[in-house]
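# this is a predicted model, with the sequence first.
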Amino acid sequence: MSSSSRGTPSPWDTVTADSSGASQVVELQEAVQAFHRNGIAVILDVVYNHVGEPNHLFRIDKLYYLENNPDGSLTNWSGCGNDLRCGSAMTRRLVIESLIHLVTHYGVDGFRFDLASALARELHEVDRLGAFFDILRQDPVLSEVKLIAEPWDLGEGGYQVGNFPLGWAEWNDRYRNGMRAY
């Protein structure tokens, strides 16, 4: 219910979800359509394991949205020191809804997840049967797209090559490095 329906106007009442006037939105939609016309799938490289500048999240709720060590310092599974806490329901919702938006609004065909092991951490351990994977598998939109994992992070037990759930493709860094060395 908007605040204006309760009699109190809100600045959010004038905000619209229609972003058709934004040229970047139209340009990405047209680019995806052009790739599709030429038989090319569009896979977006997404980074949901950390934030670039977490200061605004500190004001919202540092303990909820960012991973913290027992001493209160931020974890560093990503190498950036500001890892998103995908084990929290609202952070997962933020990630899932943004993925759904990218598929339904822009038409992308899938995602390559940077440091995907960090997304599956629950209670600081990588859980390949965890909530993040369950939601992706059960969602009617996301269960139909291509999912590619960079299957590691810098945390303990973070190297998960070959351990992602069915339906996921994985990068294999040892194979890549072997081919580079050849």
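Perfect, I can see it now.
# ok, now how distant is the residue nearest to G107 when sequence neighbours are not counted from V26?
Spatial nearest neighbour of G107, excluding adjacent residues (C-beta to C-beta, 6 or more residues apart in numbering): V32 at 4.6 Å. (Each C-beta comes from the backbone N, C-alpha and C, glycine too.) Computed as C-beta to C-beta, to the nearest Å, the V32 to V26 distance reads 11 Å.
# pLDDT wise, what is S4 at?
What the model reports for S4 is a pLDDT of 39.
# pull the contacting residues for the residue nearest to G107.
Contacts for V32 (C-beta atoms under 8 Å, 6 or more residues apart in numbering) come out as 42, 106-108.
# quick check on it: phi, psi?
Torsion angles at V32 (phi, psi; degrees, to the nearest 10) stand at phi -60, psi -40.
# just L66 next, same as before
The phi/psi pair for L66 (degrees, to the nearest 10) reads phi -120, psi 150.
# what about A116, neighbour count?
28 (other C-beta atoms under 10 Å).
# start the count at 117 instead of 1 going forward.
Sure, I'll start numbering at 117, so the last one becomes A232.
# which residue, neighbours along the chain excluded, lies closest to it?
Nearest non-adjacent residue to A232 (C-beta to C-beta, 6+ apart): A265, at 3.7 Å.
# so what's that neighbour bridging to?
Counting by DSSP bridges, A265 is bridged to F229, E286.
# now the spatially most central residue of the chain: which helix or strand?
For the chain, Y164 is the residue whose C-alpha lies nearest the centre (C-alpha atoms, centre = their mean; 3.8 Å). For Y164, there is no enclosing helix or strand under DSSP states H and E.
# residues touching it, list them.
200, 202, 211, 229-230, 235.
# which one among those gets closest to L258?
Distance to L258, by C-beta to C-beta, is smallest for V211 among these, at 10.4 Å.
# take the helix or strand that closest one falls within, keep the C-alpha atoms, and write them as PDB.
Element membership for V211 (DSSP H and E) is helix 205-222. This file holds the C-alpha atoms of helix 205-222, laid out as PDB (Å, rounded to 0.1, in the frame of the first residue of the first chain):
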ATOM      1  CA  ALA A 205      17.100 -14.300   3.300                       C
ATOM      2  CA  MET A 206      16.900 -10.700   2.100                       C
ATOM      3  CA  THR A 207      20.400 -10.700   0.500                       C
ATOM      4  CA  ARG A 208      19.400 -13.900  -1.400                       C
ATOM      5  CA  ARG A 209      16.200 -12.200  -2.400                       C
ATOM      6  CA  LEU A 210      18.100  -9.200  -3.700                       C
ATOM      7  CA  VAL A 211      20.300 -11.500  -5.800                       C
ATOM      8  CA  ILE A 212      17.500 -13.700  -7.000                       C
ATOM      9  CA  GLU A 213      15.200 -10.900  -7.900                       C
ATOM     10  CA  SER A 214      17.900  -9.100  -9.800                       C
ATOM     11  CA  LEU A 215      18.700 -12.300 -11.800                       C
ATOM     12  CA  ILE A 216      15.000 -12.700 -12.600                       C
ATOM     13  CA  HIS A 217      14.800  -9.100 -13.700                       C
ATOM     14  CA  LEU A 218      17.800  -9.500 -16.100                       C
ATOM     15  CA  VAL A 219      16.200 -12.600 -17.700                       C
ATOM     16  CA  THR A 220      12.600 -11.200 -18.000                       C
ATOM     17  CA  HIS A 221      13.400  -7.600 -18.700                       C
ATOM     18  CA  TYR A 222      16.500  -7.900 -20.900                       C
END
